[in-house]
Structures are given as C-alpha cells and as structure tokens.
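> task: produce atomic coordinates for the following.
(chains A and B)
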Amino acid sequence: METLRFARSVPISAWFGFIVILGYIFVALFAPFIAPYGEHEIVGDQYMLWGADHLLGTDNLGRDMLSRILFGARNTIGIALAATVLTFVIGVFLGLLAATMGGIVDQVLSRIVDVMMAIPLFIAALLLLTIVGTSVFNMIAIIAILESTRVYRIARAVARDIVVLDFIEAARLRGERLSYLLVSEILPNITAPLAAEFGLRFCFVFLLIAALSFLGLGIQPPTADWGSMVRENATLITFGDITPLLPAMAIGLLTVAVNFVVDWMLHRASGMQD
Amino acid sequence: MNPAARLIIQRLLLGVLTLLVVSMLIFAAVEFLPGDLAEATLGQEATEETVAAIRRKLGLDRPPVERYFVWLGNLFQGELGVSYANGRDIVEVMGTRAQNTLFLAGMVAIIATPLAVGLGIIAALYRNSYLDRFINLVSLSAISIPEFLIAYLLIVTLSRSGMFPSFVVIDETTSLISRIYQSILPALALTVVVSAHMMRMTRASIINVLASAYVEMAHIKGAPKPAVVVRHALPNALAPIINVIAINLAWLVVGVVVVEVIFVYPGLGQLMVDSVGKRDIPVVQACSLFFASVYIILNLLADIGATLSNPRLRHGR
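Numbers count the residues shown, from 1 in each chain, chains lettered A, B, ... in the order given. Next comes the predicted model:
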C-alpha cells in the first residue's frame, strides 16, 4: 500500500527518466549479447544504407553502426561515470576536510578553488590536454580535478551545517580520529543533497566528454564512443542522412532522463507541493 | 564613501588580481610538461647541442619567475611569440579570428537576450500553466542535448534546403550583410543553448521576487497586476536578471568553440581546437588567456551591474 502510494506520487517525467536509465544500464551491461556484430569488426563496405543485414547501415570504415551504438553505451557511459565518481571522491573529501578542520586548511583550499573556478572549465580542459597529451586516462583525470571544484563548494557548504551539531562535538570529545569524523559522522548526513548533485554533475561531465570526443580530443578510436562516432561519420549529415546523429541523440536522451529524475529529487527535497 | 562605489572598487581590484593569478596559472601549466618545450618541439632525435641552443633562444635556461615577468611584459606590448606549428606571429593569427568570434558572440547576444528574458518573464508570470510547462520542457531538452546535435539538426533542416550555407567563408573583404547571412546558422545553434539557460535562470529569479512579501502586499492593497509586475517586482528582479545575462554571455564566449568547429567558422575556438591537436602550446596559451579574460571581465561586469541596480547600495545611508 505504502509503495503503491509512493509510486503514484512520482510524476510521469521521473518514471520516464527511471525507465530510460534502466534501459541504458541494460544495454551497457549486455552489449556483447545484444549487438549483432563486434565492436571493431569490419563487416561491409563504407557507409552502407539501412537494410536487413545492417539495420542502421555501416560507418566510415564499414563497421556495423547499430553494434557500435550498443557498444558505445558501455564505453561512453562508463568513462563518464568513472570521471564523475573520481570528481566526487576528490571534491567531497576536500570539502569535508575544509569544513571539519576550518582555519588555514579551509582558507587555502577555498582560495585555490576560487582561482580555478575563474577559468572557464572547457578552456582549462583544452589547455591541460595540450600539455599532458590526449588520452582517455588524462581526460578523466583532468575533468575530475577541474570539476571537483564545484563538488568541493557544495560538500563544504552542506558539511559546515553538520559540523556545528552536538553529535560531532560529542564525537570530537570522545577523541575520535579525523577519518572517523569524516566517514562515519558527517558523510551519512550529507548523502541526500549530494545524490542530486551527482546526477547533475554526471550530465555535465557526460556532455563535456561528448564534446571533447566530438572534437577528437577525448575518447580515441577505435573505441566505439558516441561523441567520436558523430565526428567520424559527419560527412553523411551534409548529404541529408541522419544516421550519424543517432549516437548524439542517445547522449541527449540519457541526459534528459537523468535531468528528469534529478528535478523530481530536488522537488521532493525542497518539500514544494504543486 | 558611497558603499556601492567602495564595493565596485573592491570588485575591480579583485578582478585584476584574478586576471594576474590566472595568467600565472596559464604560464605555469607549461612548466608541468615532462621535459620542456625545447625537447617537445624538437622530438626525440635532437642532439643535446640543438636542444641547448633552442633553450637559449627561447630563454628557457633562465628561472621560471623571470620568464613569467618577461612573458607578461611582452603580453602588455602585444607580443605573444610565434606559433610552433607554422612559425607565424600569434598576434597576427589571432587578431582577425578574435574579431570574428566576438562578432558571432555579439550576434547571439543580440538575439538571445531579449528572447530569453521575455520568455522567462512570461513563464514566471504564468507559472505552472501549460505554456510554462511547454517552455520548460523545451528549454530542459535544449540544455540536455549536446551542442553539436543542435548544430547538425539545424544543418539538416535549414541548410539542406539551401536556405543557409552550412559552412562559413569570411575574411576582411566580406560585406556586413553577407557576414550576418553566413553566420546565421552558427548563431542560431548558440542561441538555442544560451537562451535555454538564460530563460530558466530568469524564470527562477522572477518567481523568487514574486514570492516576496512586498509583492503580496501590493496585491492585497489592490494594485492592478501589470502595475505590480512593472513597478514593484521588476526593479527588484533587475539585479538577478543582469547577473543572469552576464553569466550566460560569459558562458557563450566559451560555448562558441564547438559550434565554430562544426561550421568551419574562422574564429578563435576553431584555432584553439586545431592547436590542441597539434600541441601548439603558445597558441593554446594565448587563446586560453583570451577566453579566460573575456570570461572574467564579463563576470566582473555582472557583479558591478548587480551592485549598481541595488538601490540600498546605490544611495547609502
């Protein structure tokens, strides 16, 4: 009964979001079983049209488009997820550290973050990629470092409200270690606001990686990746064939779905009623 | 001193300081390069003598702090050095491209600002109506899909039919009319993205103001609805709206990068992406500095505009 009422209170847009996200996870996990051909397998001529053998035709090297889109799910989403998780590990850790220790640690970290946030993120990412060279590992590290400044600010702000509460004071008086304070006392109390932020950050990172890969500076061939697939087959678009846009639409659909879910979470958290 | 004036001077000083620190960061970033520029440009086959010669020529044998001040000094005299890729003078390469980028950004600003602010105000006034929901859905989708998808959809729909060109060919001799005509598609693509952000933020800040006590008071004392919006709500919503506009224009200057590449628009974004691929570090440095400066200055203007539009700060006590 309780679950039924809850299910009814969830708006259609959020349901849509959940179902789409589950679909993407399914495809990402089981791509090898669903895809008709292999990820790198050359199975036909270049740019074959849609047909029975190749439902969505073939790409610029004669690889099956549908298979590459399906395999792209695990590569593109996996890399974006890895970057987002790393972003949060760095951002939340430093944010909690600043909120708990205060004083000089807080000052130094916050001023560094201020300066980093004064540089537009995309430009900073391009500059750093030039210096360390383009590779997937470099890209994940760079995005995580740059993006963690945003997470730092939120984690610090939320944690500052927790740090002044009595149970933290009690734990401090008990003589608990800093690591215990951060992980066992503060972290469980800030997961709710951070969950919504995780969704938003994921969208941002996902689109950023897509843009970098589209520019040829992110995920490198021959990995099947939605951003680079658009770039590789872009010539078709000028002939009016929209096949190369399908991976881009896959990116858009997932971001819309995550946004719907996040919107609903934020709405619930703020306690607003229509 | 007038509190607004003091705030603005403080903010200006902070802005200059930020610019200096950012220039240091952009300069220092290259120091983290494994080896140094001399080795990076010459490759692995270079002998030690040639590497040393290049180092002397580039001034790399001197300490980093000294090199930073030399670099900064040159910057103020308008000397950015030469490109590694083709040996051309960077200022010469960047000059017209910077103008082109600012031209495109300006065009988008002129279209997007009234459109987004207007839609945002309408959505806020008719909150939760079907119109509001529709505007929200469209703007959320526009934010969520990649920029390059929007650009290509415009190419498929508007350029395939022959209405507008899908790539841009402009130089100094191109007339203004032709320049605007050719830039319409890239400008539209950017407008979609920027106005979506701008509209959502405008809507949020107007709703915030409409929820305040003095607006309710105006309603209760029987003021007509248009008067409440224009005389009571708008002056107080101005500060957040100015902020929203400036923040989004700052974002726009950066957002041009991807769109410029798609439409082969000869701007700085395209140059920067090319140079990242070639690892042409001085050019990337110069472009980063340009984009970061415009971004910082627009954010600075946002803060100053917000301060000036706040009557409590403007008049002092």
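> for whichever residue of the stretch 51-200 of chain B sits closest to chain A, give me the pLDDT.
Among all residues of the stretch 51-200 of chain B, B:Ile145 sits closest to chain A, at 3.3 Å; criterion: CB to the nearest CB. For the C-beta atoms, the positions are set from N, CA and C on the backbone; glycine is no exception. On pLDDT, B:Ile145 comes in at 87.
> and for the one 4 residues further on?
Turning to B:Leu149, the model gives it a pLDDT of 91.
> quick one: it is in a strand?
No. Counting by DSSP: H, G, I helix; E, B strand; the rest coil, one finds B:Leu149 to be helix, located in no strand.
> residues near the residue of the stretch 51-200 of chain B closest to chain A, how many?
By other CB atoms under 10 Å in any protein chain shown, 22 other residues sit near B:Ile145.
> residue contacts, the spatially closest residue to it that is not a sequence neighbour?
Spatial nearest neighbour of B:Ile145, chain neighbours left out: A:Gly252 (3.3 Å); criterion: CB to CB, 6 or more residues apart in numbering or on different chains. For A:Gly252, the contact set (CB atoms under 8 Å, 6 or more residues apart in numbering or on different chains) comprises B:Ser141, B:Ser144, B:Ile145, B:Pro146, B:Leu149.
> if we go to 10 Å?
A:Gly252 sits next to A:Leu207, A:Ala210, A:Trp226, A:Leu245, B:Ser141, B:Ala142, B:Ser144, B:Ile145, B:Pro146, B:Leu149, B:Ile150 when contact means CB atoms under 10 Å, 6 or more residues apart in numbering or on different chains.
> show me what contacts the residue in the stretch 101-250 of chain A that chain B sits nearest to?
Using CB to the nearest CB, the single residue of the stretch 101-250 of chain A nearest to chain B is A:Ala248, 3.9 Å away. Each residue near A:Ala248 by CB under 10 Å, 6+ apart is listed here: A:210, A:214, A:226-227, A:229-230, A:237, A:242, B:145-153.
> rewinding a little: quick check: the farthest pair among the contacts of A:Gly252?
Pairwise distances across those (CB to CB) peak at 18.5 Å, for the pair A:Trp226 and B:Ala142.
> out of these two, which sits in the more crowded spot?
A direct count of neighbours by other CB under 10 Å for A:Trp226 and B:Ala142 places A:Trp226 higher, at 28 against 20.
> my guess is that one contacts A:Phe214. True?
Yes. A:Trp226 lies in contact with A:Phe214 (CB atoms under 10 Å); the separation is 8.9 Å.
> what is the burial count for the closest residue to B:Thr18 other than its chain neighbours?
Leaving aside its sequence neighbours, B:Thr18 sits nearest to A:Ala118 (CB to CB, 6+ apart; 4.8 Å). A:Ala118 sits with 20 neighbouring residues when counted by other CB under 10 Å.
> just checking, A:Ala118 touches B:Ser23?
No. Contact criterion CB under 10 Å: A:Ala118 and B:Ser23 do not qualify, at 11.1 Å.
> now do the shared contacts for the two.
Joint contacts of A:Ala118 and B:Ser23 (CB under 10 Å, 6+ apart) are B:Ala292.
> related to what we said a few turns ago, distance of the residue of the stretch 101-250 of chain A closest to chain B from A:Ile237?
According to CB to CB, to the nearest Å, A:Ala248 and A:Ile237 sit 10 Å apart.
> shared neighbours, those two?
A:Val230, B:Ala151, B:Tyr152, B:Leu153.
> counting only helices, which of the residues you listed make the cut?
For these, the ones inside helices are A:Val230, B:Ala151, B:Tyr152, B:Leu153, with DSSP state H as the criterion.
> make CSV from these and add neighbour count and distance to A:Gly72 to it.
Shown next, in CSV, are these (neighbours: other CB atoms under 10 Å in any protein chain shown; distance: CB to CB, whole Å):
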residue, neighbour count, distance to A:Gly72
A:Val230, 25, 11
B:Ala151, 25, 20
B:Tyr152, 23, 17
B:Leu153, 18, 20
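> ok, so of these, who is nearest B:Gly255?
Using CB to CB, B:Ala151 is the member of those that lies nearest B:Gly255, at 11.2 Å.
> just checking, what packs against the helix or strand in which A:Thr191 is found?
In this assignment (DSSP states H and E), A:Thr191 forms part of helix A:187-214. With contacts defined as 3 or more CB pairs under 10 Å, 6 or more residues apart in numbering or on different chains; DSSP states H and E, the packing partners of helix A:187-214 are helix A:78-101, helix A:121-132, helix A:136-163, helix A:226-232, helix A:245-270, helix B:130-144, helix B:147-154, helix B:234-262.
> and the closest residue to A:Gly78 other than its chain neighbours, how many neighbours?
Closest residue to A:Gly78 in three dimensions, ignoring its sequence neighbours and counting by CB to CB, 6+ apart: A:Ala28, at 6.9 Å. Neighbourhood size, A:Ala28 [other CB under 10 Å]: 18.
> and what of A:Val108?
As a burial measure, A:Val108 scores 11 neighbours (other CB under 10 Å).
> what do you get for B:Ala306?
B:Ala306: 20 neighbours (other CB under 10 Å).
> on the three-state scheme, it is what?
Assigned by three-state DSSP, the conformation of B:Ala306 is helix.
> need the per-residue pLDDT for the residue of chain A found nearest chain B.
Closest residue of chain A to chain B, CB to the nearest CB: A:Gly252 (3.3 Å). With respect to pLDDT, A:Gly252 scores 93.
> secondary structure element for the residue nearest to A:Gly78?
Assessed by DSSP H and E, A:Ala28 sits inside helix A:12-34.
> contacts for that helix?
Against helix A:12-34 from outside (CB under 10 Å, 6+ apart): A:7, A:10-11, A:35, A:38-39, A:66-78, A:81, A:199, A:224, A:250, A:253-254, A:256-265, A:267-268, B:137, B:140.
> could I have that helix exported to CSV, CA atoms only?
Provided in CSV are the C-alpha atoms of helix A:12-34 (Å, rounded to 0.1, in the frame of the first residue of the first chain):
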residue,chain,number,x,y,z
ILE,A,12,5.4,10.7,-15.2
SER,A,13,8.6,12.5,-16.2
ALA,A,14,10.5,10.9,-13.4
TRP,A,15,9.1,7.5,-14.3
PHE,A,16,10.2,8.1,-17.9
GLY,A,17,13.6,9.0,-16.6
PHE,A,18,14.0,5.9,-14.5
ILE,A,19,12.9,3.6,-17.3
VAL,A,20,15.3,5.2,-19.8
ILE,A,21,18.2,5.0,-17.4
LEU,A,22,17.5,1.3,-16.7
GLY,A,23,17.4,0.7,-20.4
TYR,A,24,20.8,2.3,-20.9
ILE,A,25,22.2,0.3,-18.0
PHE,A,26,20.9,-2.9,-19.5
VAL,A,27,22.4,-2.1,-22.9
ALA,A,28,25.7,-1.1,-21.3
LEU,A,29,25.9,-4.4,-19.4
PHE,A,30,24.8,-6.8,-22.1
ALA,A,31,26.0,-5.1,-25.3
PRO,A,32,28.0,-8.2,-26.4
PHE,A,33,24.9,-10.3,-26.3
ILE,A,34,22.5,-7.9,-28.0
